[in-house]
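J.: prediction below, plus the sequence it came from.
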Amino acid sequence: MIKKIVSLAGLSFLLSTAHAADATYYFGVKVADMNADISGYDAGTSQSYEYDNVSAAGLVIGYRVDRELSLEGEITTSLGSGDISSTGAATQNEWDVTTFAIHGVYKSRGITHVRLKAGLTYAMIDQPDALKNNTWAPDENAASFSYGIGLGFETGTDKELVIEWTRISDELSILGVGINF
């Protein structure tokens, strides 16, 4: 619950700064699939675990340094809890994630263009206490170098449709579709 409140406060801050009169600022929305490449075996319970993907939504605020370079801040949060599949478990475990990122973005010229980005992402993963101490379990609150690639499509005056993949950590990546205004 606290994670959702922090996320909403951050989103409110981003949106309040996005309405600057200067056209060098932009904001966007996205929907995404958080791909969790997380699995492991708990010797104490003799069970294998695998984290399923989770749907997410996000907000982006950007600052155009020039035609090809931008700085983007992004908040993405899961829309619901993802399942943690386990062998022989009597209870169903769930997880969710919220990420805060800042990336430098290169955008090639053209109506259809390539987007490359790199930066830092802070991920907050909420998972069952019983799984947290396993060596294979993801860090709950961790910052990591992140990078991504995508395609952008200019759809009109100051609008861009974006399809991109971002690698957050060894365990987590995002495939998303969004629009920047």
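T.: Right, received. Where do you want to start?

J.: from here on, contacts and neighbour counts on C-alpha atoms
T.: Will do.

J.: now tell me which helix or strand of this structure has the poorest mean pLDDT.
T.: helix 2-17 (a mean of 49; mean pLDDT, DSSP states H and E).

J.: helix or strand next in line after that one, which one?
T.: Later in the chain than helix 2-17, the nearest helix or strand by DSSP states H and E is strand 25-36.

J.: next secondary structure element downstream of that following strand?
T.: strand 39-42.

J.: hmm, who's touching that following strand?
T.: 47-51, 134, 136-137 (Cα atoms under 8 Å, 6 or more residues apart in numbering).

J.: next, the distance between the ends of stretch 29-42.
T.: Counting by Cα to Cα, to the nearest Å, you get 38 Å between the two ends of stretch 29-42.

J.: please shift the residue numbers so they start at 323 in all later answers.
T.: Sounds good: first residue 323 from here, last item stretch 351-364.

J.: gap between it and the chain center?
T.: 10 Å (Cα atoms, centre = their mean, to the nearest Å).

J.: tell me the contacts of T399?
T.: With Cα under 8 Å, 6+ apart, T399 has these contacts: 329, 378-380, 418-421.

J.: do the same with L497
T.: Contacts of L497 by Cα under 8 Å, 6+ apart are 354-357, 485-488.

J.: element containing it?
T.: strand 494-502.
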